[in-house]
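# What would the 3D arrangement of this be:
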Amino acid sequence: MNTSQTGKRQAAGEHPVLAPMEANVNYLVIDRENLPRDGNTFEFQGYQFLDSEVSIIWVDMPPGIGVRLHKHPYKEIFVIQEGVTTYTVGSVSLEAHAGQIIVVPAGTPHKFVNSGDCALRQVDIHLRRKFITDWLDG
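Take a look at the predicted model:
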């Protein structure tokens, strides 16, 4: 059980909607641990949360781990907060580090691996309400 900012107790996995501060205003505060988890990532799909226009993947990945080759029918933006990672974008391989942003065009195959010696922390922004991923290798 967690306590939301309203002070009410909530079960793990519940998505708290806080009481409006003013008439007709709704907002949402979500603890990372309450988001669906997939291995080393936490997933926020906008359609599940006030029908938001974007989705994000919150990455916390140990060294040597990565995401296999895939593509999306929309741009994906990677905001690197901590660590070093090696991306393959199309046929180009590049190393990026904390403080950089990588923008991958729609339809472009890409993958990444944490190539540093500490955790990779990044936020992957998907410009859709729901993830659409075409996995290109096994």
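# distance between stretch 131-138 and the chain's centre?
For stretch 131-138, the separation from the chain centroid amounts to 16 Å (computed by CA atoms, centre = their mean, to the nearest Å).
# Other residues contacting it?
Outside stretch 131-138, the residues that touch it by CB atoms under 8 Å, 6 or more residues apart in numbering are 43, 45, 55, 68-74, 109. Every C-beta, even on glycine, is put in place using the N, C-alpha and C of the backbone.
# How many neighbouring residues does Glu76 have?
Using other CB atoms under 10 Å as the criterion, Glu76 is surrounded by 24 other residues.
# That one is in contact with Phe112, isn't it?
No. Look at Glu76 against Phe112 with CB atoms under 8 Å: they stay out of range, at 10.6 Å.
# Show me how this protein divides into domains.
Residue ranges for the structural domains of the chain, counted by automatic domain parsing, are given in the record as 1-34, 36-135.
# Highest neighbour count among the contacts of stretch 131-138?
If you rank the contacts of stretch 131-138 by neighbour count (other CB under 10 Å), Ser55 sits at the top with 23 neighbours.
# Could you say which helix or strand holds the residue nearest in space to the middle of the chain?
The residue lying closest to the centre of the chain (CA atoms, centre = their mean) is Ile57, at 1.1 Å. Assigning secondary structure by DSSP states H and E places Ile57 in strand 55-61.
# Could you spell out the sheet neighbours of the helix or strand following that strand, each with its direction?
On the C-terminal side of strand 55-61, the closest following helix or strand by DSSP H and E is strand 66-71. With DSSP bridges as the criterion, the sheet partners recorded for strand 66-71 are strand 110-114 (antiparallel), strand 134-135 (antiparallel).
# contacting residues around strand 66-71?
When contacts are taken as CB under 8 Å, 6+ apart, the neighbours of strand 66-71 outside the stretch itself are 85, 88, 107-114, 133-138.
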